[in-house]
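Chemist: my questions are about this predicted structure, shown below with the sequence.
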Amino acid sequence: MSRVEDTSASIPGLLKGLSHRAVWAGGPPIANILMARTLAQPDVISLAAGFVEHKSLPVEWVEEAFRTIWADRQDALASLQYGTTIGYLPLREAILDRLCRADGKSGAELRANVDQIVITAGSNQLLYLLSEVLLDPGDIVLCGSPSYFVFLGLIQSLGGRPVGVATDGQGLIPEALEERLDYLDRHDELDRVKAIYVASYFDNPTGMSLGQDRRAALVEIAHRWSRHHRIYIIEDWAYRDLRYEGEDVPSIRASDGNGDTVIVAGSFSKSFSPGLRIGWGLLPRALLEPILALKGHLDFGSANFNQMVLATVLQNGWFDQHVARLRTLYHQKVAAITAAMESCVRPILDVHYEVPKGGLYLWVRLPDDINTGVDGRLFEAAVNEGVLYVPGEYCFPPEGDPVRRCCLRLSFAMPDCDGLQRGVERLSRAIQLVVQD
C-alpha cells in the first residue's frame, strides 16, 4: 500500500463496518496453518515454533523470587497492586545497569537514563507502540530482507509498508540501505520513511548478527537521510543474551552519540520466561511522552507482580545462572541440528546455511526451483512426513528486495537433540520426494 485508499468496496460482507486497521490486520496465516497442522497431528515434530525449550524454564528461580517477595508483607502487597505505566523502578534500574555493562559504557556516555527505560508486555508490545506512534497509513519501515515476520505483519496491520533491504551473512548491507533510500528519494517517498528495523544479534529468522563495522555506519546513514524528520533505528535485542560462540560486541545504540536516533527493544522472553511477558525499551527522549501516553491507554502499566519477580531474579544473580545453562543447552542443539542437516539433507541436494553463533534459528536456502511455501509441494510433503517449518517467503517484506520462495526457517529450541535428528530426517524424506519428482 503506497497511499491511503478506500478499500471498502473490496471488504467482505462479514467485515463491513470495521475499521481499515481491522481489515489490514487480517490474521497470522502461517500461525493458523501451523497450529491447525500441529493439532491434527499430535506426533508432529515442530521445527517451526519459536518457543523456548520447555524443560529449561526457570521454575526454581521464579519460585525462589516468589518466596523472597512473600517474605516481606509490604513487598507482597505492592506486587499485587497497580504499578506505574513506565514500569517498576528497580527493574528499570537493573536493565539500565545490564545495558551499560554489555556495551562497556556508563549511562552518561550512552546518553541513557533510567527514565528512558519503559517496561512492556514483551518486546512485541513495544514494537506495536512504536508503530502506532511513528506510522501513518502508507509510511515506510525499512527492514532486512529477510526479517522478523511478526513485525512485518504488525506494520501492515497499521497500514504501514515494510520495505526490504538486501542482507548477507553480516546482516543489513549499508550500501543497499543507501541505494533504497536514494530510490525512495527519487520517487518522492523519502518523507514516508519513518524507521529502519534491525535485529542486531542473532536475527530471527537468519540467526546472523549485524557486522560490527556496520553498526556505526547505519547510525550515520540514518542521520544523513533524516531530511524531512528523524529516521529512527529500531534495534531489536531479543537474542543478545543467547550467544554460544565468540565475544559480545557493542550495540548500534553504542554508536548513537546523542542518544536521539536508536531505539532499543529488549525482551526476557527468550532468555528467561515468555510466560512473564516482560520486554523493555530504551527510548530517545522525544518518544517518551507519546509512547507512555499510548501505553497508558492500553494497560495502565504492565503486570506489576511479574516485574517484581524478574527484578528479584536479576538482583540476586539468578538470571545470569539461568542464561549460562541455556547457552550450554542451545549450543548442543545447534550442533545437533547442523549435524543432522549435513548427514540427512546435504547428500540429497545443494543446501546453504550458516551455523548460527547464537539465537534459536537456522535459516536454510534450497535451490531456487524448490518452492518452500505453503502452496508448494515441499510443505505438504513435510507435513505428511510429520515435520513443520516456517516457509521463508513469510519473512520477506512485500516491497523492495525480491522475495525468495526457496528458503525456510528451522527452530532448534523446542525439540531435544534426538527430536531434532528425527525432525531433520523427516524433512529430508520430504525433500527427497520433491527432488525425485
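Modeler: In hand now; what should we look at?
Chemist: for the rest of this, base every contact and every neighbour count on C-alpha atoms.
Modeler: Fine.
Chemist: contacts only, for residue 147.
Modeler: Counting by C-alpha atoms under 8 Å, 6 or more residues apart in numbering, residue 147 touches 203-205, 395-397.
Chemist: now do the same contact list for residue 96.
Modeler: So residue 96 contacts 107, 112-114, 117 (C-alpha under 8 Å, 6+ apart).
Chemist: would you turn the residues you listed into JSON lines with neighbour count?
Modeler: Shown next, in JSON lines, are the contacts of residue 96 (neighbours: other C-alpha atoms under 10 Å):
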{"residue": "107", "neighbour count": "15"}
{"residue": "112", "neighbour count": "22"}
{"residue": "113", "neighbour count": "17"}
{"residue": "114", "neighbour count": "17"}
{"residue": "117", "neighbour count": "24"}
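Chemist: switch the residues you listed over to JSON lines; also include pLDDT.
Modeler: Formatted as JSON lines, the contacts of residue 96 follow (pLDDT from 0 to 100):
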{"residue": "107", "pLDDT": "96"}
{"residue": "112", "pLDDT": "97"}
{"residue": "113", "pLDDT": "96"}
{"residue": "114", "pLDDT": "98"}
{"residue": "117", "pLDDT": "98"}
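Chemist: among the residues you listed, which are in helices?
Modeler: By the criterion of DSSP state H, membership of the contacts of residue 96 in helices covers residue 107.
Chemist: for residue 196, give me phi and psi.
Modeler: phi -120, psi 120 (degrees, to the nearest 10).
Chemist: give the bridge partners for it, please.
Modeler: Beta-bridge pairing of residue 196 under DSSP bridges involves residue 142, residue 233.
Chemist: surely it and residue 233 touch.
Modeler: Yes: assessed by C-alpha atoms under 8 Å, residue 196 is found in contact with residue 233 at 4.7 Å.
Chemist: from residue 255, how far off is residue 249?
Modeler: Residue 249 is 12 Å from residue 255, where distance means C-alpha to C-alpha, to the nearest Å.
Chemist: which residues in this structure form strands?
Modeler: 45-46, 117-120, 140-145, 161-168, 171-172, 193-199, 232-236, 262-267, 279-282, 361-365, 387-388, 390-391, 399-400, 407-411 (DSSP state E).
Chemist: who are the packing partners of the last one?
Modeler: Using 3 or more C-alpha pairs under 8 Å, 6 or more residues apart in numbering; DSSP states H and E as the contact criterion, the secondary-structure elements in contact with strand 407-411 are strand 361-365, strand 390-391.
Chemist: got the buried residues for it?
Modeler: Residues of strand 407-411 classed as buried by neighbour count (16 or more other C-alpha atoms under 10 Å): 407-411.
Chemist: ok, now stretch 376-389?
Modeler: Buried residues in stretch 376-389 (16+ other C-alpha under 10 Å): 377-389.
Chemist: mind putting those into JSON lines with pLDDT and distance to residue 121?
Modeler: Output for the buried residues of stretch 376-389, formatted as JSON lines (pLDDT from 0 to 100; distance: C-alpha to C-alpha, whole Å):
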{"residue": "377", "pLDDT": "96", "distance to residue 121": "38"}
{"residue": "378", "pLDDT": "97", "distance to residue 121": "36"}
{"residue": "379", "pLDDT": "95", "distance to residue 121": "33"}
{"residue": "380", "pLDDT": "94", "distance to residue 121": "35"}
{"residue": "381", "pLDDT": "96", "distance to residue 121": "37"}
{"residue": "382", "pLDDT": "96", "distance to residue 121": "34"}
{"residue": "383", "pLDDT": "92", "distance to residue 121": "33"}
{"residue": "384", "pLDDT": "93", "distance to residue 121": "36"}
{"residue": "385", "pLDDT": "95", "distance to residue 121": "37"}
{"residue": "386", "pLDDT": "95", "distance to residue 121": "33"}
{"residue": "387", "pLDDT": "96", "distance to residue 121": "31"}
{"residue": "388", "pLDDT": "95", "distance to residue 121": "28"}
{"residue": "389", "pLDDT": "96", "distance to residue 121": "27"}
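Chemist: which of those residues fall in helices?
Modeler: 377-385.
Chemist: and the residues you listed, which is closest to residue 153?
Modeler: Closest to residue 153 out of these is residue 379 (21.2 Å), distances taken as C-alpha to C-alpha.
Chemist: ok, the closest one touching residue 386?
Modeler: No: the pair residue 379 / residue 386 is not scored as a contact, 10.6 Å apart, by C-alpha under 8 Å.
Chemist: tell me the buried residues in stretch 256-268?
Modeler: Quick answer for stretch 256-268 (16+ other C-alpha under 10 Å): 256, 259-268.
Chemist: send the alpha carbons of that stretch over as PDB?
Modeler: The C-alpha coordinates for stretch 256-268 follow below in PDB (Å, rounded to 0.1, in the frame of the first residue of the first chain):
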ATOM      1  CA  ASP A 256      24.400   6.800  18.700                       C
ATOM      2  CA  GLY A 257      26.400   9.600  20.300                       C
ATOM      3  CA  ASN A 258      23.400  11.900  21.100                       C
ATOM      4  CA  GLY A 259      21.000   9.000  22.000                       C
ATOM      5  CA  ASP A 260      18.400  10.500  19.800                       C
ATOM      6  CA  THR A 261      18.200   8.100  16.900                       C
ATOM      7  CA  VAL A 262      18.400   4.400  18.100                       C
ATOM      8  CA  ILE A 263      15.500   2.800  19.900                       C
ATOM      9  CA  VAL A 264      16.500  -0.400  21.700                       C
ATOM     10  CA  ALA A 265      13.800  -3.100  22.000                       C
ATOM     11  CA  GLY A 266      14.700  -5.800  24.600                       C
ATOM     12  CA  SER A 267      13.000  -8.900  26.000                       C
ATOM     13  CA  PHE A 268      13.300 -11.500  28.600                       C
END
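Chemist: make residue 1 into 788 and carry on from there
Modeler: All right, first residue 788 from here; so that's stretch 1043-1055.
Chemist: residues making contact with it?
Modeler: Contacts of stretch 1043-1055 (C-alpha under 8 Å, 6+ apart): 897-899, 909-910, 913-914, 1003, 1006, 1009-1010, 1017-1025, 1039-1040, 1061, 1064-1073.
Chemist: can you list the domains in this structure?
Modeler: 795-844+1108-1223, 869-1103 (automatic domain parsing).
Chemist: most tightly surrounded among those?
Modeler: Across the domains of the chain, averaging neighbours per residue (mean count of other C-alpha atoms under 10 Å) puts domain 869-1103 on top, at a mean of 20.
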